[in-house]
Structures are given as structure tokens and as C-alpha cells.
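Kindly return the folded structure for what I paste below:
(2 chains)
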There are 2 protein chains.
Amino acid sequence: MLQIALDAMGADNGVEPVVCGLLQALQNRNFKAYLVGDTALLKTSLDSKNLSSDILQRIELLHTDDYVRMEEKASDANKRTTTSIYHAIGLVKNDEAVACVSAGHSGATMSLATLQIGRIKGVSRPAICTCMPTIENRCSIILDAGANTDCKPEYLVDFALMGFHYAKHVLHYETPSVGLLSNGEEDSKGNELTKQTFQLLREYNFFKGNVEGSDIFNGSVDVIVCDGFMGNLVLKASEGVASSISTILKAEIKKSFMSSLGYLFAKSAFKALKTKIDYAEYGGAPLLGIKKPVIISHGKSNARAMECAIYQAIEACDSKICDKIAEAFQSMQR
Amino acid sequence: MLQIALDAMGADNGVEPVVCGLLQALQNRNFKAYLVGDTALLKTSLDSKNLSSDILQRIELLHTDDYVRMEEKASDANKRTTTSIYHAIGLVKNDEAVACVSAGHSGATMSLATLQIGRIKGVSRPAICTCMPTIENRCSIILDAGANTDCKPEYLVDFALMGFHYAKHVLHYETPSVGLLSNGEEDSKGNELTKQTFQLLREYNFFKGNVEGSDIFNGSVDVIVCDGFMGNLVLKASEGVASSISTILKAEIKKSFMSSLGYLFAKSAFKALKTKIDYAEYGGAPLLGIKKPVIISHGKSNARAMECAIYQAIEACDSKICDKIAEAFQSMQR
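The predicted structure follows:
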């Protein structure tokens, strides 16, 4: 049975979404979970649910007093060997678990994963890989979504390769296409970083050239490559637009009785839209380039997002994505 | 009477949106327009409308055979003195017009404006300043929205100063606040460029620190500063999200009769939303840092967008924004 290490601490809404997401996932999939954190808190949460012995048998609590607070610097936090994320990552390092999921401090998770589990040989930097909804019936992935704020062209080439293999082996896209996020589609467009990257990516068949911010959502390419600073900006701007449109539309609908009635009639359509663009459905984001699967979840994750993040960890194991990436980098003998 | 130079050529949808937008603006405001471009095309368009002599008297056609095509390189196009944008900018340079509006090749417009009209003393780089809708009842502005792909920290400080004065004198915000676009709100967040910029901006009272992509739309600050590459990415990603949400929602609504009915009832709310987030309502984007007002419009501008861009040119003149920026930079004696 797969064994997954779950860092239960440090998320914005406490242990409850983590526990509820885990219980849901345990009902649907066959795996064992190490739940790492304050066992008093975790026991209280588990005791309040009516759990079958089958579920309970597949949860093992591991106690840590300490955890990394969101406001801490990753560089300080990583020195402590007493934190929940340190122990969760340690379980993967020592082969007691095959993958780790955390909704805690993402900077700490990234650097501990790199320091303890280690980078795949040949990968310059690990990257956060985020799935985005598109108007087509398949998602696109964007990487790096925030791990590396300042990048060199070679890093972006590695992101392209890792994204290609993720799309191929985890999302099962037959011939994934890769685009470079830029300020225009023409080959000549870009800043210094992307212009140099463009020249390096030209030699790969999967490379479809420059793409623009709007291409993230229209499904024109499967994998979008950028540095972690840009990735963070466009993802947060996108969340902001979606949430603002929802706020404005709600306010306008409330202004008239007819509109409110119309909303009730059209509710199923709004619900379908919400599911399609809800970040929770896309779960966490795998940190690609690490030797073993590590899934980073949004600090604000609800139970559904945690549940989906656990499925991502399972899919990462089933697809052997880390091995596939390692093989790809090895075969290039760089 | 104000005299505005309008480059009629090179937009994606030909001269028609330019002519129609101009006619609408001439009905609402008192100004004279130099319409620069292929007079045969322009006359045909004007003749097809039923125009009063008052309107006709306030349009002067200026013929040019040549114009800059969208696919041309700005550096090549700028060498030709026969293009419509060269002549339109020339009218402003020679004080025959007080402002210029173009929906043609934006790169050519920017560099010709800089070369012919010139930068305001002390301004390191001109920046494109774009208004964005927010959930509050006032817009935020973002600059640079695309003029400079690679920036130094000092450029971003200049963008902050120009944005502050635009918000104050054109948008009439009493005490505009300025934020630096970054990958997190904490002071320590950023890439090399924004971290250095942060230190320089600290000395200004209007500076509110780092803001995230989502802050563009929630109205938390009035002015958002970034380099032109990032600005372009987040604006296009935002357009992409809005358009994808609309596509998905339309498809979902069509799936059931009840939803379609609901949409009809709620149509006024959708219309209000559309007006609020429609780029056309925000017209063009002023190129700040040039000695005279130059307004850059989207190549895809419809008539309403061109009309609003002309209003922006008039407001730029009325508010004397170029002089205000010049005074601000002079008083700093940099």
C-alpha cells in the first residue's frame, strides 16, 4: 500500500481542512497516511468524526511540537529539525513514505525538499507546476509558478523539459506542446531572459514559440514556461480577475428582482463554471525536479483542495514521474 | 479650440473604428481633428455618413500614402518619414496639434514620440499607463504596461512618480497610493529588480509597499508599478481570464433551457458587468514621460475605444499632465 506523508500544520485554516481532505481521499483510494503535527489537535479533529476502523487503521499520527509559521523566513525555519514539515519530508527521504503533501510554508517545503530529498541529477532548479483550467476540455500547466524568482535561461529550458514529461506521463497528453511566456507571439518578442531562452528552446520539437498571457486559458499550448516571479504574478492576477468578476456580477444581480430570479434559473450554469475554475479542483502543485514526489498546496486550501492534492501525490507515484524526468535528463547526458 | 492629431492608419480593423470614434467624440466635445492617412479611404468612410457642417468643419484630412504595418519592426519603420504616424507625431512636435492618438503600431508610436517630441527632462524612460477596472468605484492604473521590456530600478521609480501625478491631476485622486508589483506583500518579497526598486521607493510617502497580481483589481492601491514585460503579461492574462470565463459561462448557459431563460432575466446585470470590465470604456493608454500628450490605443480598438482615447487626449491637455510631470521632475533636481 502506498504511504503518503501529510504535513498537517501551518495552513491558513488550521488542521481541519487537512484532516477532512485526508478522510475523503482515504475513502476513495487505497493508501496509508502519516499525519505529522500536533497529535492533540489532530486527535480532537479525528475523534469528532464517525470513522470506520478501515479508515482509522490507515492513519498513523506522528507528533511534532513545532511547525513553520507563514511569516517565518524559509532560511531560518529550515534550521529547525523539530518542525512538522521537516519530519514529513524526512519520511520520504528515509523511504518510509513515497510522497509528501503540505499546505504549510511553501518556501520551507521547497528548500527542505531540495536539501533533504535532493534534486534530480541534471535539473538546475526545481519548479512549481500548476494546472490551469482552459476553455478546452483539458488543463494547461504553467511552471515555474513561484519557486524561483530570478532565473537563468537554462533553468527555463529545464522547466520546459519537466513540464513536457509531466504533461505526457501524468496528464497523458500524447504530444504535449510547450510555449514560452512572453509579451508577444512573434519570435523577436521578449525580455533579455526570454529571448535567450527562446534560442535554447528552438532545438526541441515540442517548442511552439512564444505565447502570451491570454494563452494560459485558451489551451493553445499544453505547457507554459516562465520564471517563478512572472508565474506568481499571472496566477495571482488571474485569481484576482475571476474573483472581481464574481464580486461585480453578484452586486449587479442583487440590484434587481428580475436579475436575482434569472440567477436562480441559471444557477446550474454558474455552478458548473465555478467547478471548472475552482482552484480546489486542481489540488496542489507538484514540485518538479525533486527525486521524490512533493506536492505543495495553497495555504488557503479547503478540504477538497487537500483531497485533490493527495490524489496528485498518488498519481505522481503511479506515473513514476520523478523517474521519467530523471531518465530524460540522464539520456541528454548534460 | 484644441487640435488633436489622429493617426487613422494601421489599426487591426482599418479606418472605420477610427472615423466612427472620432465622429462620436466630435459630437460630444469641442475640438478640431487632423485625420492623418489615406484620404481616399477616409473620404469614402466620411461620405458614407450623414454629417453636419459643424462636424465636417472640424475635421482636416492630411494625406499620407504610407503607414507602419503591425508586423514591421519599429526600428525599421521609424526611418521612414512618409508614414501616417510620423506625420501625426510631427503635428504635435510643430505645435500644430496639442496631442496625438494612434491605434497603429505601438512600438513605432513610442519611439517616434520619444525621438521627435522628446522625453521630459529627468524621466529615464516613458511608460504606458493603463487604467484598470476594480471592484471599487474607481479605476487603478498600471505602468509600465508594455513600453520597456527590461528595466532598471530607477526607471520604476520614475514610473511611480509619473503614475502618482497622473492619478492626482488627471483622475483627481486626492492622495494617490502607489504599490510595487511583486510576488508577495511582505517587504522581503521580490526579484532582484523589485527588491532594489523597493529600497528606492521607501523614501516616498505615497509608496505603500509590495502588492500582488490580485491587487490590480481590488482597488487596494491607485497606482501599480512594474516593468513593461510584467505589465504586458498580467494585462493579457487578465483579458484572457475574463474572456475565458465568458466563453465557459455562455457554453454552460446554452446547455439548459432554464439557464438560458435565467440569462435573459439577468441580462441587465451581465450588461453592467460588461461595461465595467470592457477595455473600450478605458480608451487608450497615455504614454507618460513624453513632453506632449500621446495616447496609444489597442490595435483592436472599436469605435467606442477610439472615442474614449480621444477624451483621454483632451483630459491630458486640460489637466496639463505633461507640465505637472515636468515640474515634479524639475523640483527634484535630479
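
The helix or strand bottoming out on mean pLDDT in chain A packs against which elements?
Lowest by mean pLDDT, DSSP states H and E among the helices and strands of chain A is helix A:267-277, with a mean of 77. In terms of contacts (3 or more CB pairs under 8 Å, 6 or more residues apart in numbering or on different chains; DSSP states H and E), helix A:267-277 is packed against helix B:228-254, helix B:257-265. C-beta: built from backbone N, CA, C; applies to glycine.

now with 6 Å?
The contact analysis (3 or more CB pairs under 6 Å, 6 or more residues apart in numbering or on different chains; DSSP states H and E) places helix A:267-277 against helix B:228-254.

Show the average pLDDT along the helix it packs on.
Mean pLDDT, helix B:228-254: 85.

got the buried residues for the least confident helix or strand of chain A?
A:269-270, A:272-273, A:276-277 (16 or more other CB atoms under 10 Å in any protein chain shown).

any idea of the angle it forms with helix A:257-265?
Relative orientation of helix A:267-277 versus helix A:257-265 (axes from the mean of the first three to the mean of the last three CA atoms, to 10 degrees): 60 degrees.

Next SSE downstream of helix A:267-277?
Downstream of helix A:267-277, the first helix or strand assigned by DSSP states H and E is strand A:285-288.

tell me which residues in stretch A:185-192 are buried?
So for stretch A:185-192, counting by 16+ other CB under 10 Å, buried means A:189-191.

That should have said stretch A:235-255, apologies.
So, applying 16+ other CB under 10 Å, buried residues of stretch A:235-255: A:235-242, A:244-246, A:248-249, A:252-253.

try stretch A:291-311
Buried, per 16+ other CB under 10 Å, within stretch A:291-311: A:291-298, A:301-311.

Between the two ends of that stretch, how far is it?
Stretch A:291-311 has its terminal residues 19 Å apart, counting by CA to CA, to the nearest Å.

Identify the residues contacting stretch A:301-318?
With contacts defined as CB atoms under 6 Å, 6 or more residues apart in numbering or on different chains, stretch A:301-318 is touched by A:2, A:4, A:17-18, A:20-21, A:24-25, A:29, A:98-99, A:101, A:103, A:170, A:280, A:283-284, A:286, A:293, A:295, A:297.

do the same with stretch A:96-110
With CB under 6 Å, 6+ apart, stretch A:96-110 has contacts from A:2-7, A:9-11, A:34, A:68, A:70, A:74, A:77, A:85, A:88-89, A:91-92, A:147, A:293-297, A:299, A:301, A:309-310, A:313, A:317.

Now, those that are in strands?
A:2-7, A:34, A:294-296 (DSSP state E).

hmm, back to that, from the buried residues of stretch A:235-255, which are also near chain B?
A:236-242, A:244-245, A:248-249, A:252-253 (CB under 6 Å from any CB of the partner chain).

Flag every residue of the stretch 151-300 of chain A that's near chain B.
A:183, A:191-192, A:212-214, A:216-217, A:229-230, A:232-234, A:236-242, A:244-245, A:247-249, A:252-253, A:258-259, A:261-263, A:265-266, A:268-269, A:272-273, A:276.

Could you tell me the per-residue confidence at the nearest residue to A:Thr175 once chain neighbours are set aside?
With CB to CB, 6 or more residues apart in numbering or on different chains as the criterion, A:Thr175 has its nearest non-adjacent residue at 7.4 Å, and that residue is A:Phe206. We have a pLDDT of 97 for A:Phe206.

so how far is chain B from A:Glu281?
Counting by CB to the nearest CB, to the nearest Å, the separation of A:Glu281 from chain B is 13 Å.

and if you look at A:Lys292?
In terms of CB to the nearest CB, A:Lys292 sits 26 Å off from chain B.

now that residue: how far from A:Lys320?
A:Lys292 is 11 Å from A:Lys320, where distance means CB to CB, to the nearest Å.

Helix or strand next in line after the helix or strand containing A:Cys131, which one?
A:Cys131 belongs to strand A:127-132 when assigned by DSSP H and E. On the C-terminal side of strand A:127-132, the closest following helix or strand by DSSP H and E is strand A:140-143.

List the residues that contact A:Leu22.
When contacts are taken as CB under 6 Å, 6+ apart, A:Leu22 is in contact with A:Ala33.

what about 8 Å?
A:6, A:33, A:35, A:59, A:306-307, A:310 (CB atoms under 8 Å, 6 or more residues apart in numbering or on different chains).

Name the nearest of those relative to chain B.
Distance to chain B across these (CB to the nearest CB) is lowest for A:Met306, with 22.0 Å.

Number of residues surrounding the residue nearest to that closest one when sequence neighbours are not counted?
Leaving aside its sequence neighbours, A:Met306 sits nearest to A:Gly21 (CB to CB, 6+ apart; 2.6 Å). Other residues within reach of A:Gly21, judged by other CB atoms under 10 Å in any protein chain shown, total 27.

so what's A:Gly21 up against?
A:301-310.

Pick the one among the residues you listed closest to B:Phe164.
A:Ser301 (37.6 Å; CB to CB).
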